[in-house]
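In: I would like to see how this sequence folds:
(chains A and B, ligands or ions: 2)
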Amino acid sequence: MTALDRKLLRDLWHLRGQAVAIALVVACGVATVVTTRVGYESLRISQQEYYARERFADVFAQLVRAPESLGRALAALPGVAAVQTRIVFEVTLDVPGLAEPATGRLISIPEHRVPILNDVHLRRGRWIEPGRRDEVIASEAFASANGLEVGDRIGGVLNGRWQALRIVGIGLSPEYVYEVQGTNLFPDNRRFGVLWMSREALGPAFQMDGAFNDVSLRLGAGAQESEVIARTDRLLERWGGLGAYGREDQISHRFLSDEIRQNRVFGTVLPAIFLGVAAFLLHIVLSRLVAMQREQIAVLGAFGYSRRRIGLHYLEFALACVAAGSLLGAVLGLWWAAEINRLYGQFYRFPVLAFAPGGGVVAIAVAVSAGAAAAGANSAVRRVLRLPAAEAMRPEAPARFRPGWFERSGAAAALPASARMIWRNLARRPLRAGLSVLGIALAVAILVVGYFFVDAIETLGVVQFRTVQREDVTVAFHDPRPNRARHELASLPGVLRTEPFRVVAARLRHQHAMRRIAIFGLEPGGELRRIVGADLAVFPLPPEGVVLTTKLAEILGVAPGDTLTVEVLEGSRPVRTVRVAGLADELIGLSAYMDAGALHRLMREGDTLSGAFLKVDARATERLHAELKRMPAVAGVTTRQAALQGFEETLAESLGIFTTVLVTFASVIAAAMVYNAARIALSERGRELASLRVLGFTRAEITRLLLGEQALLTAAAIPLGFALGYQICALLANAYQWELFRMPLVVSNRTYGFAFLVVSAAAVVSGAAVRRRLHRLDLIAVLKTRE
Amino acid sequence: MADDVVFRAEGLTKTYRVGDVDVHALRDVDLDLRRGEFVVILGPSGSGKSTLLNILGGLDVPTRGHVRFLEHDLAADDDAALTAFRRDHVGFVFQFYNLIPSLTARENVALVTEVSPHPMTPEAALALVGLDERMDHFPAQLSGGEQQRVAIARAVAKRPDVLLCDEPTGALDFETGVKVLEVLAHANRELGTTTVVITHNAAIAGMADRVIRMRSGGIVGIERNAQRRPPAELSW
Ligand SMILES: Nc1ncnc2c1ncn2[C@@H]1O[C@H](COP(=O)(O)OP(=O)(O)OP(=O)(O)O)[C@@H](O)[C@H]1O
Ligand SMILES: [Mg+2]
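Out: Residues are numbered from 1 along each chain as shown, chains lettered A, B, ... in the order given. Ligands and ions are numbered 1, 2, ... in the order given. Presented below is the predicted three-dimensional model:
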C-alpha cells in the first residue's frame, strides 16, 4: 500500500460519518435500481414465458350468442392465426364457509385435453373427465382464498338451476394472472373465482349447444391488431358482439403491464433522486476536503506528484464511498426484490414467478453509481487540477467581513454577540449557507414525497369507498329486469334502501378516439352512488347527457359541452349522439354516468334495471345473503366492505411496502444531509472555535455558536422543503396517471408534520454528535496542524 | 567553472496583477548557482525571496526571463514537465513544515520516496535527521522542530540535486533551529546537494558558501564567505 493509499484510508476514517452517510444514500439509490429492475425483469420474463406457453390470446370479444360456424369465419379473417370459441357465464356460487354468495365465472374447456388459447395450467389434481358433467377446475386464487381443495364441492346456480360442482383440479390461466371480476379493479378472491368446466356440460346448461358467447383470437405475424378488431366487430355485430378488444384492455394484462411499467418509472425517477443527492453530498464533502487540504495538495505537487494523480486521489475517495454504498445497495436491493417478488406472488398468479437478478442489474447499478461518484467528485477534482502549485502554498486569504444590510439597519446591535457572530458567519458565505439550506430542504422534500403516497392511497380509499360508493351490497342481474324486480329486492330481509341502476355496454366515440365502457344509469337523487367533481365535492347528476370521469374524457379528447357518439352494444344496438354534461373526478377506473331516465330514453326502453345498490341492516346480512344465493336472476353480489378490503390488500399493501421503504430511505437522506451540514461546519470552524476556547470561551458557548448556526439553517430549510416537496408531489401525481387509477394531489398536515419531525430528529442527533466532537476538541492539536 | 553551474537565471521578472496595479515580485534577476553550493538568501519581507525560490523549484514560472536547470529551460516548460522536474531533482522544505497530518512521519517520507527514481529508505532519511525513534508518530504528536526535521527528511530522502528551503527555521527556537540547520549542512556535505536557504535571520548567513541579499524584487548584493561556519557556532 502506498503512502497516498494510506492517506486515503485515513481521510476516509477521519470523515467516516460523512462517508457512511454518502454510502447509505448511494445504497438507497442502488437498492431502488436493483429492486425495480429485478421486479421489472421478473414480471416481464414470467409474463412472456407464461403467455407463450399457455397461448395467451391477442384479441378478445364477448357476444350474446353465435353459431359455431362463425368461429370458422373468424379463423378465415386475414391476420388471424388461431381462434378459440368458448361459453362463458357468471353464476352465483355457494361456497362452504362463505356467508355471502360468491360469483363464479364458468369458462368452457374441451373434455379431451387439447391445446387451446388461454390454456389452463394445472397446478394440482387432474383435467376433467369426459362425461362427468359436474367436474370443474378451480382457479388457484379462488381455491386458496376459500381453502378449497381437490375433491371439495361447491354449489352453483346454473341458468336458474342449482347444481353441485366437484373440484377435480386447481389451475391457472394467463387470462387471469390478476383475477378480478368485470370492471372491478381489485381482486376479491374469496367472492369471485374462475371455474373451468366441460363445454359439453355448459352447452346444454345454458342452451348454448353448437354456439358460443366468447371468443379469443391469436394474431399471425405482422397482423394489424386494430384491423382484426374492426373485422371481428363487423362479423360479430349481428350476434350481439360487445366489442372486441386487444390485450391492452384485457384487465389482467393491463394491470400486470401497468405494474411492469411502474417498475420502470420508479426505477428511473427514484434512483435519479437518490444518486443526485449522493452526488450533491460528495460534491460538498470533496470540495471542502480539497479546500482544507490545499496546502497538502501543494506539497504533493512540489514533490512531483502530477495533478492527475492527486485528482485521482480525491476521485478515489468518492469511489470508495460509492463502492461501499453500491455493495450494500445491491444486497439490500436483492433482498427487497425477493420480498416484492413474494408479494407479487400473492397478486399475480404465475405457474412460476421468475426471480431474475441478472448480471445486467449489477452492471447498471455499478455504472449508475460510478456516474454519481464522478459527478460529485468532478468539480473538486477539477479544482485540484487547476490549483496553481505556488499559490496553494500560501494559506487561503482570510475571509473578508463587510457589514451587510442587516448590520447597517442597526437591528444587529440589539442581538447578543454570539447571535451576531452566527449571523456574520452565514452572511459571509451566502452561497455555502444557501447550499446547506438547499440540501436540508431537499431532504425535507423527499420525506414529504415519501409520505405523500400514504396520503394519496388514503384519499383514494376515502373518495372511492366513502364518498362515491356508499352502498353495502351491489346486486347485479344476468339480464335487465323489469321495474318490479326493484320491489323484490326491497322486500329482501334487512334491506333498508334500494337504488336500482341500469348498466349498458357501449362504445363511446369522439373523432378517432374510441373506448368500450359500461354506461351507468343512476337514479336522480340517489345516495348510495354519487358523483364527485373537482376538489372531490359531490354534485348531482345532470338530467340529460353523460358524465365522464376525467381520465375517460381525456382519452376521448372531449370536454363538457362536446358531443359523443354512443354505440350501444346490446338490445337493438342504437347509435346516438350524447352531450358531455360534466366531468367526474373519480380516482379509480374509467366510468361514464347518466341519469337512469336519460339512459332509458337513449335505449328507447322502459323502466328496467340491471341491478341495484342496497343499504342493509347489518343484523340481517346473513339472511340476505342466503336469499340472494338462491335467486336465479342474480348474476353477482358484491359488498363494499369486500371491495374496500381488496383495495387495501392490493394497492395499499403493495404501495405500502413501497412507501415504507421510500420513507426509510428519505429519512436516511434527511439524516445524511443534516449531519453533513453540521459536520462540514465543524471542520470549517474547528480552528476558529478552538481559538475562541483558548481565548476563554466555554464549551457551552462555542457549542451554541456552531449549533445555533445549524438550527438557523434547518429552520430556514424546512418551509422551503415543504414547498419543494409539494411541487415534486404535483409532478408525481401528474406522472402517475395510469388508466386504472390516479393519484390525488393531497398532502396532509400529517405528512408535513412527519417530515418536520424526522428532520428535527436528524438535526438533534447530528447536533449531539457534533457537540460530542466539540467537547473533545483537542485545542493543541487543532492549533498545531492545519486540517 | 561554467560547467559547475546547475541553475542559471537571466532577467527573471515576475509580476502579479492585483486589481489595477502590477506588483513586481521580481525585477530582472540574474543568478547562477553552482553544484554542491550552500546559498543563503537574505532579505526583508516582501522582497521576492519565496518567489525566486518557487521559480527555481519549478513551482512557478517567471513572467519574463530565462531560468535553466543544467540544459533544461524551466521557463518554457509546461506543467507536466515541471512536475517531472520537481519529482526527479528538487527537494522542498517549507516554513510551516506542511506535513500531511493524516500520515505518520515515516509515511510522510514514503510519500516522496515512492515517486522518486533513486531514493534512500524513509527510515534512513529519518535517521539522518535523528528521528529514528519517532517514525510512527503523526505530525500532531511531534513538536515543531521535529516536524521540520521530518520535512527535511522528506526533502532529502529522494537524494535531490537541489534542496530549496523557505525559512526552515522561521517557526523554531534557537536550539531547534540549529539542529535543523545542522541536518541541512550535513546533507549538503554528505550528499553534495546544492542547497538554497531563505531566511530573515542574518546570523544564518555564516554557514553559507555565498550569501545573496535581496530587496524590492532585486538582488542587491552577493557575498562569498571565506569559510563556512558550522551551525553550532552561529548565534542569534
Ligand atoms: N499571488 C500573488 N499575488 C499578488 N502578489 C503576490 C503574490 N505572491 C507574491 N506577491 C507579492 O510579491 C512580493 C514578493 O513576495 P514573496 O512571497 O516572494 O516575498 P518574500 O520575500 O518571500 O517575503 P516573506 O519574507 O514575507 O516571505 C510581495 O510584495 C508579495 O505581496
Ligand atoms: Mg516568503
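
In: Lowest-scoring secondary structure element of chain A by mean pLDDT?
Out: Of the helices and strands making up chain A, the lowest-confidence element is helix A:779-784, at a mean of 56, by mean pLDDT, DSSP states H and E.

In: Would you check that residue A:106 makes contact with residue A:193?
Out: No: under the criterion of C-beta atoms under 8 Å, residue A:106 makes no contact with residue A:193, lying 10.2 Å away. All C-beta spots, glycine's among them, are computed from the backbone N, C-alpha and C.

In: which of those two has more neighbours?
Out: Taking residue A:106 and residue A:193 together and counting by other C-beta atoms under 10 Å in any protein chain shown, residue A:193 has the greater number of neighbours (27 against 23).

In: How about the contacts made by that one?
Out: By C-beta atoms under 8 Å, 6 or more residues apart in numbering or on different chains, residue A:193 lies in contact with A:93, A:102-105, A:138-139, A:141-143, A:145-146, A:179.

In: Within the helices and strands, which one has the residue nearest to it when sequence neighbours are not counted?
Out: Residue nearest to residue A:193 in three dimensions, not counting chain neighbours: residue A:142, with 2.5 Å by C-beta to C-beta, 6 or more residues apart in numbering or on different chains. Here residue A:142, judged by DSSP states H and E, is contained in helix A:140-146.

In: Need the contact partners of that helix.
Out: Under the contact criterion C-beta under 8 Å, 6+ apart, helix A:140-146 has outside partners A:95-98, A:102, A:104, A:123, A:148-149, A:167, A:170-172, A:176, A:179, A:187, A:189-190, A:192-195, A:349.

In: can you map out the strands along chain B?
Out: Taking DSSP state E to define them, one finds strands in chain B at B:5-18, B:21-34, B:38-42, B:64-69, B:72-73, B:90-93, B:162-166, B:194-199, B:210-215, B:218-224.

In: Among these, which comes closest to chain A?
Out: strand B:90-93 (4.6 Å; C-beta to the nearest C-beta).

In: Please name the strands paired to the closest one in the sheet, noting orientation.
Out: Using DSSP bridges, strand B:90-93 pairs in its sheet with strand B:162-166 (parallel).

In: Which residues does the partner strand contact?
Out: B:6-7, B:33, B:49-50, B:53, B:56-57, B:69, B:89-95, B:152, B:155-156, B:184, B:187-188, B:193-198.

In: give me that answer again for 6 Å
Out: With contacts defined as C-beta atoms under 6 Å, 6 or more residues apart in numbering or on different chains, strand B:162-166 is touched by B:50, B:53, B:57, B:90-95, B:155, B:193-198.

In: May I see the buried residues of it?
Out: Within strand B:162-166, the residues scored as buried using 16 or more other C-beta atoms under 10 Å in any protein chain shown are B:162, B:163, B:164, B:165, B:166.

In: Could I get the CA-only coordinates of stretch A:342-357 as CSV?
Out: Output in CSV follows, covering the C-alpha atoms of stretch A:342-357 (Å, rounded to 0.1, in the frame of the first residue of the first chain):
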residue,chain,number,x,y,z
ARG,A,342,-43.1,-12.8,-2.8
LEU,A,343,-45.8,-10.1,-2.7
TYR,A,344,-46.2,-10.3,-6.4
GLY,A,345,-46.8,-14.0,-6.0
GLN,A,346,-49.9,-13.1,-4.0
PHE,A,347,-51.5,-10.8,-6.6
TYR,A,348,-50.2,-12.2,-9.8
ARG,A,349,-50.7,-15.9,-10.3
PHE,A,350,-48.0,-17.4,-12.4
PRO,A,351,-47.1,-21.1,-12.7
VAL,A,352,-43.6,-20.0,-11.7
LEU,A,353,-42.8,-16.4,-10.9
ALA,A,354,-39.3,-15.9,-12.2
PHE,A,355,-36.8,-14.2,-10.0
ALA,A,356,-34.4,-12.6,-12.4
PRO,A,357,-31.5,-10.8,-10.7
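
In: Now tell me what touches it from outside.
Out: For stretch A:342-357, the external contacting residues (C-beta under 6 Å, 6+ apart) are A:38, A:41-42, A:45-46, A:50, A:121, A:140-141, A:172, A:177-178, A:334, A:341.

In: quick one: is stretch B:190-204 near chain A?
Out: No: if you take C-beta under 6 Å from any C-beta of the partner chain as the test, stretch B:190-204 misses chain A, and the best it gets is 12.7 Å.

In: Figure out the length between the terminal residues of that stretch.
Out: Looking at stretch B:190-204, the gap from its leading to its trailing residue is 20 Å under the measure C-alpha to C-alpha, to the nearest Å.

In: when you check ligand 1, which of the buried residues of strand B:162-166 turn up near it?
Out: Counting by C-beta under 6 Å from any ligand atom, nothing from the buried residues of strand B:162-166 sits close to ligand 1.

In: Of those residues, just say which sits nearest to residue A:670.
Out: In terms of C-beta to C-beta, no member of those lies closer to residue A:670 than residue B:166, at 47.2 Å.

In: coming back round to it: point out the most buried one among the strands of chain B.
Out: strand B:90-93 (a mean of 27; mean count of other C-beta atoms under 10 Å in any protein chain shown).

In: what about that one, distance to the chain center?
Out: Centroid separation between strand B:90-93 and its chain, computed with C-alpha atoms, centre = their mean, to the nearest Å, is 5 Å.

In: for stretch A:359-376, same thing?
Out: Taking C-alpha atoms, centre = their mean, one finds the center of stretch A:359-376 at 25 Å from the center of the full chain.

In: With stretch A:628-639 instead?
Out: Stretch A:628-639 has its C-alpha centroid displaced from the chain centroid by 33 Å (C-alpha atoms, centre = their mean).

In: For that stretch, C-alpha coordinates in PDB please.
Out: Included here for stretch A:628-639 are C-alpha records, laid out as PDB according to Å, rounded to 0.1, in the frame of the first residue of the first chain:
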ATOM      1  CA  LEU A 628     -79.500 -13.800  -2.700                       C
ATOM      2  CA  LYS A 629     -77.700 -17.100  -3.200                       C
ATOM      3  CA  ARG A 630     -80.900 -18.700  -4.200                       C
ATOM      4  CA  MET A 631     -82.200 -16.000  -6.600                       C
ATOM      5  CA  PRO A 632     -81.700 -17.300 -10.200                       C
ATOM      6  CA  ALA A 633     -81.800 -13.800 -11.700                       C
ATOM      7  CA  VAL A 634     -78.800 -12.700  -9.700                       C
ATOM      8  CA  ALA A 635     -75.500 -12.900 -11.500                       C
ATOM      9  CA  GLY A 636     -73.400 -11.500  -8.800                       C
ATOM     10  CA  VAL A 637     -73.300  -9.800  -5.400                       C
ATOM     11  CA  THR A 638     -70.500  -7.600  -4.300                       C
ATOM     12  CA  THR A 639     -70.100  -5.900  -1.000                       C
END
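
In: top helix in chain B by residue count?
Out: The residue-count maximum for a helix in chain B (DSSP state H) belongs to helix B:174-191.

In: Residues contacting it, please?
Out: Contacting residues not belonging to helix B:174-191 are listed as B:38, B:129, B:145, B:148, B:152, B:156, B:168, B:169, B:193, B:195, B:231 [C-beta under 6 Å, 6+ apart].
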